[in-house]
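K.L.:
need coordinates for the following:
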Amino acid sequence: MQDINVHHRPAHDFSGGASRKDNGDFTTDKRVLVLAAMALVVGTGGALSAWALINLIALVTNAVWLFKISVEPLSLGTVARSPWMVAAPIIGGLVIGLMARYGSEKIRGHGIPEAIEAILIGGSRMSPKVAVLKPLSSAISIGTGGPFGAEGPIIMTGGAIGSLFAQFFHLSAAERKTLLVAGAAAGMTAIFGSPIAAVMLAVELLLFEWKPRSFIPVVIASCVSITWRPLLIGSGPLFPAHFDMALNWWSILLAAGLGIVSGLQSGLLTTLLYRIEDAFEKLPIHWMWWPALGGLVVGLGGLIEPRALGVGYDIISDLLNDHVVAVAVVAILLVKAGIWLVALSSGTSGGVLAPLLILGGTLGWLVGLVLPGDPGFWALLGMAAMMGGTMRAPLTGTFFAIELTGDMHALVPLLAATVAAYAVTVLLLKRSILTEKIARRGQHITREYGIDPFELTRAADIMIAKVNTLPATMPVAGALAQLTEQPDAHRFYPVVQADGRLVGMISRADALRWQNEPDLAGQTLYDLISDTSIPVAHPEDTVGRVADIMIHADTGRVPVVDERTGVLVGLIARKDLLRLRSAANRSEFERGAYLGAKR
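P.N.:
Below you'll find the model as predicted:
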């Protein structure tokens, strides 16, 4: 029989294009440079969309409450109480309901869950309709008194700009996701002047990965956006403040204690939000009318405390600079919480970040009345803790508070407060305010990242080293007898030469097919399969690559050969992959003491 060399066979990629890497830390390649260049455009688009949204909100607000055309910021706390304060939010809710029903239902909600759905389920493809209707509906909602912020809408809008731009090019879903998130981060950066917090929001909430391929373009887009911000919106922190606090070890404990209180507040508000949403679901009317009903509650709340209407950035500034009194803070906390819960549950359009800052800040300020130091400092901690706990993004909450105020001295207590709130909400609630809605639509989302055991383990670690093989010189008749008549026969056999080099694989299905072809009985296995490309792995390949080969070759077994000689050294089956998964689970749940334990 002639000698063969498996390396001279016709090549075929059974890995779906996955490259065999030499122990690289990352999978990122030169494509990241293309995405980086695109991020320059997306970052500019995100900044421009933020500028447009801010001015659109101001335009609607002035037109609705002062009946004039202006883009100057307007605090609704200066608007006189009147029947119009009830009518305006109702009309705004009705308009949004019509836009959602006859335009796009995706404009409902606060934007971040919708962005997550587009990333995880929709291939990171957003429609031009959403890019137009989301900011318009949010401007109408906020401008007519809705107690919302602009961050959710701008995340959705900036993300839509990144997605639309990406759809003009031949990009993968993962690359489109990168540009979608880059646009979202750029929009948030422009609104708040918080590039670091925007990047952290991308990492903790939107990317669902930690890879240079996505991280680098997102950072570039945020840097481009913050460069545009002084020209479009303004420079410096949004709420400049400095707290000259003499911090010691017990101050950190107080900060963590406030974080626990904020975590409990977050859990309560999240639970109430979805219970009220369940109540709306039971109404015998179409959901198109729900925002109008929510607008009624908003208007009635405005009659009690007008400052609870709208974005409320002036409230945040007053809390941080201690320009408020306790009675007003209590009124804002209660009214803002009530109208925000009902309005958001009604399915209207608006963001949650600014309301969370106000609700957390008011509670923190009130608690700060009995704590040492400036109540504004504790208000800042309450804001960050509320944001970090509710959105399950403690690093975002920490850096966001620092960038909003420009006070780096508060870093450690902020971190203590946000992590404490995060711990409380993680233990209290299975889902966050961002993921509960997605879960109710039937999609499970996990936000825990870890090393994939398939990428950590090599083929040599899980392969079966002692493999039953068939010689390449075996006649087909003998192979048929082995596969169909032996009671202990395997379903698959590697076929090897005398020196151990792999020729191919045969299965019981092959034998059954050959039985109907009598003229093959005198041929050898080598004659039948030596010219067939087969999927093979090498001992140093990751198990992840082996899994890719199985998927793209549509096989349940992959032979492992020495890369230099082609000699068969092992075999990996699907059940071996499952054993690896089982071992990973055991490392999580099996507990034992090793030092000081009796053996």
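K.L.:
from here on, just use CA atoms for contacts and neighbour counts.
P.N.:
Noted.
K.L.:
surely L415 touches L395?
P.N.:
Yes: assessed by C-alpha atoms under 8 Å, L415 is found in contact with L395 at 7.4 Å.
K.L.:
between these two, which is the more surrounded one?
P.N.:
Neighbours around L415 and L395, counted as other C-alpha atoms under 10 Å, are more numerous at L415. The numbers are 25 against 22.
K.L.:
quick check: buried residues in the helix or strand hosting that one?
P.N.:
Taking DSSP states H and E as the criterion, the element that holds L415 is helix 411-428. For helix 411-428, burial by neighbour count (16 or more other C-alpha atoms under 10 Å) applies to 413-426.
K.L.:
and the two most separated of those residues?
P.N.:
Between any two of the buried residues of helix 411-428, the greatest separation by C-alpha to C-alpha is 19.9 Å, found for P413 and V426.
K.L.:
now stretch 477-497: how far from the chain's centre is it?
P.N.:
49 Å (C-alpha atoms, centre = their mean, to the nearest Å).
K.L.:
looks to me like V503 is in a helix.
P.N.:
No: checked against DSSP: H, G, I helix; E, B strand; the rest coil, V503 lies outside a helix; its state is strand.
K.L.:
still on that earlier bit, the helix holding L415 packs against which elements?
P.N.:
The criterion is 3 or more C-alpha pairs under 8 Å, 6 or more residues apart in numbering; DSSP states H and E, and the helices and strands that helix 411-428 contacts are helix 249-281, helix 375-390, helix 394-405.
K.L.:
A337 and Q265: what is the separation?
P.N.:
Counting by C-alpha to C-alpha, to the nearest Å, the separation of A337 from Q265 is 11 Å.
K.L.:
now do L333
P.N.:
11 Å.
K.L.:
and H552, by the same measure?
P.N.:
Distance of H552 to Q265, computed by C-alpha to C-alpha: 49 Å.
K.L.:
neighbour count for those two, which is higher?
P.N.:
Neighbour count, other C-alpha under 10 Å: between H552 and Q265, Q265 has more, with 20 against 14.
K.L.:
who's in contact with that one?
P.N.:
The neighbours of Q265, taking C-alpha atoms under 8 Å, 6 or more residues apart in numbering as the test, are M386.
K.L.:
repeat that with 10 Å
P.N.:
G259, L359, G360, L363, M386, G389, T390, A421, V424, T425 (C-alpha atoms under 10 Å, 6 or more residues apart in numbering).
K.L.:
and it, how far from G478?
P.N.:
Using C-alpha to C-alpha, we find Q265 at a distance of 75 Å from G478.
K.L.:
and after the helix holding L415, which helix or strand comes next?
P.N.:
Next helix or strand after helix 411-428 toward the C-terminus (DSSP H and E): helix 436-440.
K.L.:
show residues contacting that following helix.
P.N.:
Outside helix 436-440, the residues within contact range by C-alpha under 10 Å, 6+ apart are 109, 113-114, 116-117, 270, 274, 277, 429-431, 443-445.
K.L.:
8 Å instead, please
P.N.:
With contacts defined as C-alpha under 8 Å, 6+ apart, helix 436-440 is touched by P113, E117, H444, I445.
K.L.:
pLDDT score for the third one?
P.N.:
Read it as H444. H444 is assigned a predicted lDDT (pLDDT) of 79.
K.L.:
and what of the first one?
P.N.:
Confidence per residue is given as pLDDT, and for P113 that number is 78.
K.L.:
tell me which other helices or strands whichever strand or helix holds it touches.
P.N.:
According to DSSP H and E, P113 maps onto helix 112-120. Contact here means 3+ C-alpha pairs under 8 Å, 6+ apart; on that basis helix 112-120 packs against helix 151-166, helix 436-440.
K.L.:
what's the most buried one of those?
P.N.:
helix 151-166 (a mean of 30; mean count of other C-alpha atoms under 10 Å).
K.L.:
that one packs against which elements?
P.N.:
Partner elements for helix 151-166 (3+ C-alpha pairs under 8 Å, 6+ apart): helix 31-65, helix 112-120, helix 128-143, helix 173-192, helix 353-368.
K.L.:
now with 6 Å, please.
P.N.:
On a contact count with 3 or more C-alpha pairs under 6 Å, 6 or more residues apart in numbering; DSSP states H and E, helix 151-166 meets helix 128-143, helix 173-192.
K.L.:
go through the ones you listed and name the closest to L341.
P.N.:
Closest of those to L341 is helix 128-143, at 14.4 Å (criterion: C-alpha to C-alpha).
K.L.:
got the buried residues for the closest one?
P.N.:
For helix 128-143, a neighbour-count test (16+ other C-alpha under 10 Å) marks 130-131, 133-143 as buried.
K.L.:
which one of these sits closest to D244?
P.N.:
If you rank the buried residues of helix 128-143 by distance to D244 using C-alpha to C-alpha, I142 comes first, at 35.0 Å.
K.L.:
so that closest one sits against G312, correct?
P.N.:
No: with contact defined as C-alpha atoms under 6 Å, I142 does not reach G312; the gap is 10.2 Å.
K.L.:
per-residue confidence for the residue sitting furthest away from the middle of the chain?
P.N.:
In the chain, counting by C-alpha atoms, centre = their mean, G522 sits farthest out from the average C-alpha position, at 60.2 Å. The model reports G522 with a pLDDT of 76.
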